[in-house]
Structure formats: structure tokens, C-alpha cells
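A.B. asks: The sequence and its predicted three-dimensional model are supplied below.
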Amino acid sequence: MGESGHRPTVPVPAAASCGPISHAIFRLTRLHKMVAASLLRGLGLHPGQELLMMQLWEWGPQRQADLAALLGSDSATITRTVRRLERGGFVRCTPSPTDGRSVIVSPTAAGNALRAQVEAMWHDLEKRTTEGLTEAERDATLAAIQRMECNLRETD
């Protein structure tokens, strides 16, 4: 443990020394996803499936193409995610009444029943992720992450 009571940070390899923040984001993202996956397994979900369900809970049934756009994902990934959720009984897919090429994805009763558990899981994940940070540090971290996201969106 370091002087602050935390484990020492992972050294940045020389090849990544020109991008220490990018390297730290990569490591943090990987760890965050691993912890999230572990928590989601208990709900019968894979990472990312809860994000799709959140969209359905918030805005109701959606065209599959709209879900892909909302989640910033490609159609193949969304199709795979929807199929897994459908096999799990969490969503139902029906043809669009106005566009025969579109599929409408709706949460089932089982999918809606997951909401409280997913919210509790996200609360737990947030607590684990931000443990030891003051409110000001959490606010500053969120602001910095949001700015970095904007920076990357502007380079698309």
C-alpha cells in the first residue's frame, strides 16, 4: 500500500508514456467492465444489456435502429444484444406496424422486473468506483470525463 492507504498505481510502460491519461483510462475501463460484468452475472445479464434495458425503461418500446443510435453502437452488436435479451425473456421483438423493415423492441414483464435490481447494481458499482472520493472530487471527475468524451466526439 502507498502512503495514502491505496495500492500503488500500475507503472506506465515507456511506449505509453506520451499518453498516461489514456493508459489510465484504458486500465480503469477494463477493471470497471470486469466488476460490472461480475455484478450483472447475478442478474442474468451481460455488460451493455442493462444499458439497452435502461433505454427501454426510460422511453418505452424503440426501433432496434434507434437503440443502436442511442447507445452509439453498430447494428450487428445491437442485434446480438437484443437476441440475447429476447432469449432470456427480457425483451420482445415485433415488426413495426409502419415500416416492415424495422423491428420494435419492447421490455417484457421479466425485463421490467429487472429495473430495481439493475439500479441497485449500478448504485453498488458507483459506490465501489468512487469510494474515498469527496463530493468535490466526484464532481470534478465527472466534469473531466464529460469533457474528454466531448473531445473524442468532436474528432469523429
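C.D. replies: It's in. Residues are numbered from 1 along each chain as shown.

A.B. asks: Endpoints of stretch 36-55, how far apart?
C.D. replies: 18 Å (CA to CA, to the nearest Å).

A.B. asks: which residues sit against it?
C.D. replies: Stretch 36-55 has contacts (CB atoms under 8 Å, 6 or more residues apart in numbering) with 33, 62, 67, 70-71, 73, 77-78, 81-82, 84-85, 88, 90-91, 105, 107, 111, 114-115, 117-118, 121-122, 124-125. Every residue, glycine included, has its C-beta placed from N, CA and C.

A.B. asks: What average pLDDT does the helix or strand harbouring residue 137 get?
C.D. replies: For residue 137, the host element (DSSP states H and E) is helix 135-154. Confidence over helix 135-154, taken as the mean pLDDT, stands at 94.

A.B. asks: Which residue ranges of the protein form helices?
C.D. replies: Taking DSSP state H as the test, the helices found in the chain are 20-41, 49-59, 64-71, 75-87, 109-113, 115-130, 135-154.

A.B. asks: So which of those helices is nearest residue 100?
C.D. replies: Distances from residue 100 to each of the helices of the chain were compared using CB to CB; the minimum, 13.4 Å, belongs to helix 64-71.

A.B. asks: so where is this structure shaky, pLDDT-wise?
C.D. replies: Low-confidence segments of the chain, defined by pLDDT under 70, are located at 1-8, 156.

A.B. asks: Could you rerun that using 50?
C.D. replies: Residue ranges of the chain with pLDDT under 50: 1-4.

A.B. asks: Give the burial count for residue 96, as a bare number.
C.D. replies: Neighbourhood size, residue 96 [other CB atoms under 10 Å]: 14.

A.B. asks: actually residue 78, not the one I typed
C.D. replies: That count, for residue 78 with other CB under 10 Å as the rule, works out to 21.

A.B. asks: Same question for residue 42.
C.D. replies: Residues near residue 42, counting by other CB under 10 Å: 9.

A.B. asks: Same check on residue 57?
C.D. replies: Burial of residue 57, expressed as a neighbour count using other CB under 10 Å, amounts to 16.

A.B. asks: For it, which non-adjacent residue is closest in space?
C.D. replies: Distances taken as CB to CB, 6 or more residues apart in numbering put residue 115 closest to residue 57, at 5.4 Å, once the chain neighbours are dropped.
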